[in-house]
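Peer 1: Dropping a prediction and its sequence here:
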Amino acid sequence: MRVEDVCSKHNLPASVAEVLKKSGIEELYPPQAEAIRRGVLNGKNMVVAIPTAAGKSLIAELAMLKSVLIDRGKCIYIVPLRALASEKYEDFRQKYGELGVRVGISTGDFDAPDPSLARYDILVATSEKVDSLLRHRAKWLADIVTVAVLDEVHLINDPGRGPTLEILTARLRRENPKLQILALSATISNADEIADWLNAEVVTSDWRPVPLKEGVYHRGAVRFSDGSERKIKTGVKDVLAALALDTVQEGGQALIFVSTRRSSQTAAELIGAHIQGILTHQERRELDEVAQRVERALGEPTRICKRLGACIRMGTAFHHAGLYHLQRKFIEDAFRGHLIKVICATPTLAAGVNLPSRRAIVRDYRRYDPMLGQQFIPVLEFRQMAGRAGRPKYDKYGEAILIAKSKDELEALFEAFIFAKPERITSKLASEPALRTHILAAIATGYARSFDGLLDFIGQTFFAHQHETRAVAGIVDRIIDYLDREEMIRRQGELLVATPFGERVSQLYIDPESGVVLRDGIKNISAAPPTELGILHIICHTPDMGLLYLGRREKEELERFALEHIEEFLVKVPDPYEDPEKFEFFLAELKTAKMLQAWIEEVDEDEIHEEFGIGAGDIRRAAEVAEWLLYSAHELAKLFKIRRALSPLRKLRQRVRYGIKEELLELVTLSGIGRVRGRDLYRAGYRRIADIRRASVEELKRVPHIGEEIARSIKRQVEQEFEESGEYRNRV
DNA sequence: GTTGGAATTCTCTAGACAGCATGTC
DNA sequence: CTAGAGAATTCCAAC
């Protein structure tokens, strides 16, 4: 089926076909053609469950273009990751911008100036962001959407985030019954069940644009499921290095999936030692540039940065969430550019951005679970890793390889992964934390106003499709009691109404439990001003804050530390003997709070890495969440009129945001000035905005990390400020 | 004593969404 | 209760 014919048949302008032709798309893939035949362009709902890279997105794109260009419709494209959102946003804008289609993006870290759909035809957003938008302007947004795309719907299976996806889908549909829903999924075994729920057609297929050979390595050879075999004879002893080298020698690349960050690092180093030798001079030079960029991604290179740099110079890299996101991006780009030959990654890469490779090696197909020990990873996850194999246009076929250590294991791996059916997706909505949040939101937005209304609302979710709605009646009842008791809602006869507290908690997008913790914490601030540690601990006590891993040897010291600071905590410290488990949690909270404190004391990232066992990426992520919670605490303090708490919370929020001591707060209000440059300026004697106003651009340029551009920019800013008000802000 | 390597014991374990108001290094 | 990789530590032989 040709794109051109599809366009003319469905009244799409010929320019659409031209635009797609430019991206190399003229002929539709079989699953895409199937979707057209089943009526995606006639407004049919559709579930598309096909492998990665089999062209799911284009199906949705055609449907969106039809809606936008012909019916003046508005579309939202919902993804599970920010990185995916920006990838889609760039892609859509680049491809369809010239058709006059206005594309916007809205995620927590990157928001269009006005994410209202009025300005855009297609809005790309994360599911939580869409949920949040619905909470702020419920009806209006849902009203105007004509096409909603749920990318990676199999995320419904995720206990933490799946419920959000169900809820927002149910809300969008109820608000606009004519809404066209397109659900895109990896191959799963119950796509039909989801289709049934959405009243949709199903397209399932195993078809791939680049054929995939799946096999298991054992004793010097890979046995593929099609019966073929490939001997690995590189002369290298280490199996992993041999498998990588084998494909690199023939001009391919390899992605290697391991289960821990540590493994990814050691594997990248080990393989690098073998790859290094076959790099050309040109490649070495370019790799060195990449390595330098990675090392300079954040101020002074830390130990991890240097290790990563060393790997990159050998043509390999490790990739995990401990890295700073820019570093990850550099690595991904260099791999796409065929420069980096091998990436050793944790599962980050399996579900992340598009990054194909000729060979995908799954070394660790087990993962540790604190409850259950080592467990096989889900087939679905293996499929996503394997699906990365095969670069369109470059490789004749892709190879996905598991590594067996014995003959028995060889057979077992074929059974457990290669021939196995992917799991069934099940709703995780019936969990208390998930329902707590969404029930409050439903009441706060007036979407449901009674017990029956709530059940009715839950009745439209995937959960109700898989179970009886009544199965959650008990939990719903308990949650209503809880919300009532904590004064987030009030009962007026049968009617349920949100209090201002409940409403604010719902809009802040925090867990109701977090709202309670923050409220009680700040109410405990007595006459004496709270300490940094006390506030940071409250933040970490909240279920929204992820906690750092508590090492065995750290406990004693933390316990001592807790005792020394026992006066500062704003909650009752649990008794280690009465409730050891709770006490463990407390220590983990304390460790996390200490880490944030180190961050705002401007402790070297390298030192934080050493002491707390986390990388730059982890620090930023924790700081980001903490900042959001500090803002929330501040808002609640306003609501409850706890004046004493306002200023400390405001200051701390800014400090956590930038990772700075209080003395830099003023400098950091300048755009372009953050943790590093702020400290450099301060050290050079520029401690206040007034100092900068007195300095010349030439003088400022002498400060480290400040060049012509930045110097001019901050000069401009301070002068402007002067003109505007005659004095500058003292406030934070 | 020192050194280098093997053997043994010990330790630790993936990922990443959200507010708000504008810009990190 | 579960498992395996990698780091840390101990052990031991050869000098």
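Peer 2: Received, thanks.

Peer 1: Any idea how many residues pack against the residue lying closest to A:A200 once chain neighbours are set aside?
Peer 2: Once flanking residues are discounted, A:A200 sits nearest to A:N45: 3.5 Å by CB to CB, 6 or more residues apart in numbering. Heads up, the C-betas are built off the backbone N, CA and C, glycines and all. Here the number of neighbours of A:N45 (other CB atoms under 10 Å) works out to 19.

Peer 1: which ones are touching A:N45?
Peer 2: Applying CB atoms under 8 Å, 6 or more residues apart in numbering to A:N45 gives the contacts A:Q180, A:I181, A:L182, A:A195, A:L198, A:N199, A:A200, A:E201.

Peer 1: Dihedrals phi and psi, it?
Peer 2: The phi and psi values for A:N45, taken as degrees, to the nearest 10, are phi -70, psi 150.

Peer 1: do A:A345 as well
Peer 2: phi -130, psi 150.

Peer 1: Now, of the contacts of A:N45, which are buried?
Peer 2: Taking 16 or more other CB atoms under 10 Å as the criterion, what is buried in those is A:Q180, A:I181, A:L182, A:A195, A:L198, A:A200, A:E201.

Peer 1: can I get those in JSON lines with distance to DNA strand B, pLDDT and secondary structure?
Peer 2: Shown next, in JSON lines, are the buried ones among the contacts of A:N45 (distance: CB to the nearest atom of the strand, whole Å; pLDDT from 0 to 100; DSSP: H, G, I helix; E, B strand; the rest coil):
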{"residue": "A:Q180", "distance to DNA strand B": "24", "pLDDT": "97", "secondary structure": "strand"}
{"residue": "A:I181", "distance to DNA strand B": "21", "pLDDT": "97", "secondary structure": "strand"}
{"residue": "A:L182", "distance to DNA strand B": "20", "pLDDT": "98", "secondary structure": "strand"}
{"residue": "A:A195", "distance to DNA strand B": "25", "pLDDT": "97", "secondary structure": "helix"}
{"residue": "A:L198", "distance to DNA strand B": "22", "pLDDT": "97", "secondary structure": "helix"}
{"residue": "A:A200", "distance to DNA strand B": "25", "pLDDT": "97", "secondary structure": "coil"}
{"residue": "A:E201", "distance to DNA strand B": "29", "pLDDT": "97", "secondary structure": "strand"}
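
Peer 1: can you map out the helices along the stretch 501-650 of chain A?
Peer 2: Listed in chain order, the helices of the stretch 501-650 of chain A (DSSP state H, counting those that start in this stretch) span A:512-523, A:532-541, A:555-564, A:580-600, A:605-612, A:616-639, A:643-658.

Peer 1: Deepest-packed of these, please.
Peer 2: Most buried of these by mean neighbour count (mean count of other CB atoms under 10 Å) is helix A:532-541; its value is a mean of 25.

Peer 1: anything in that helix near DNA strand B?
Peer 2: No: Helix A:532-541 lies out of reach of DNA strand B by CB under 7 Å from any atom of the strand, never closer than 12.1 Å.

Peer 1: Show me what that helix is packed up against.
Peer 2: When contacts are defined as 3 or more CB pairs under 8 Å, 6 or more residues apart in numbering; DSSP states H and E, helix A:532-541 packs onto helix A:512-523, helix A:580-600, helix A:616-639, helix A:643-658.

Peer 1: Quick one: list the elements packing against the third one.
Peer 2: On a contact count with 3+ CB pairs under 8 Å, 6+ apart, helix A:616-639 meets helix A:325-336, helix A:500-508, helix A:512-523, helix A:532-541, helix A:580-600, helix A:605-612, helix A:643-658.

Peer 1: what's next to the fourth one, contact-wise?
Peer 2: Applying CB under 8 Å, 6+ apart, the contact partners of helix A:532-541 are A:517-518, A:521-522, A:545, A:547, A:565, A:568-571, A:589-590, A:592-594, A:596-597, A:600, A:626, A:629-630, A:633, A:648-649, A:652.

Peer 1: in a strand, that's where A:E214 is, yeah?
Peer 2: Yes: under DSSP: H, G, I helix; E, B strand; the rest coil, A:E214 sits within a strand.

Peer 1: Tell me who's in contact with it.
Peer 2: Counting by CB under 8 Å, 6+ apart, A:E214 has contacts A:F224, A:S225, A:A386, A:E399, A:A400, A:I401, A:I418.

Peer 1: could I get those residues as CSV with secondary structure and pLDDT?
Peer 2: Converted to CSV, those look like this (DSSP: H, G, I helix; E, B strand; the rest coil; pLDDT from 0 to 100):
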residue, secondary structure, pLDDT
A:F224, strand, 96
A:S225, coil, 95
A:A386, helix, 95
A:E399, strand, 96
A:A400, strand, 96
A:I401, strand, 96
A:I418, helix, 95
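
Peer 1: Give the phi and psi angles for the residue in chain A that DNA strand C sits nearest to, as a check.
Peer 2: With CB to the nearest atom of the strand as the measure, A:G373 is the residue of chain A nearest to DNA strand C, at 2.3 Å. Main-chain dihedrals, A:G373, degrees, to the nearest 10: phi 80, psi -150.

Peer 1: Just grab the bridge partners of it for me.
Peer 2: Going by DSSP bridges, A:G373 is paired in beta bridges with A:D369.

Peer 1: can you pull the buried residues of stretch A:128-140?
Peer 2: Residues A:E128, A:K129, A:V130, A:D131, A:S132, A:L133, A:L134, A:R135, A:A138 are the ones in stretch A:128-140 that count as buried (16+ other CB under 10 Å).

Peer 1: Tell me how far A:T107 lies from DNA strand B.
Peer 2: Using CB to the nearest atom of the strand, to the nearest Å, we find A:T107 at a distance of 4 Å from DNA strand B.

Peer 1: repeat for A:D226
Peer 2: Applying CB to the nearest atom of the strand, the value for A:D226 to DNA strand B is 30 Å.

Peer 1: for the stretch 101-250 of chain A, which spans come out with low pLDDT?
Peer 2: Low-confidence segments of the stretch 101-250 of chain A (pLDDT under 70): A:113-117, A:138-140.

Peer 1: try it again with 80
Peer 2: For the stretch 101-250 of chain A, the stretches flagged by pLDDT under 80 are A:111-118, A:137-143.

Peer 1: mind listing the helices for it?
Peer 2: Per DSSP H, counting those that start in this stretch, the stretch 101-250 of chain A carries helices over the ranges A:127-136, A:138-144, A:162-175, A:191-198, A:239-248.

Peer 1: Reformat those as JSON lines; add distance to A:G685.
Peer 2: Below are the helices of the stretch 101-250 of chain A laid out as JSON lines (distance: least, CB to CB, whole Å):
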{"stretch": "helix A:127-136", "distance to A:G685": "43"}
{"stretch": "helix A:138-144", "distance to A:G685": "51"}
{"stretch": "helix A:162-175", "distance to A:G685": "50"}
{"stretch": "helix A:191-198", "distance to A:G685": "63"}
{"stretch": "helix A:239-248", "distance to A:G685": "52"}
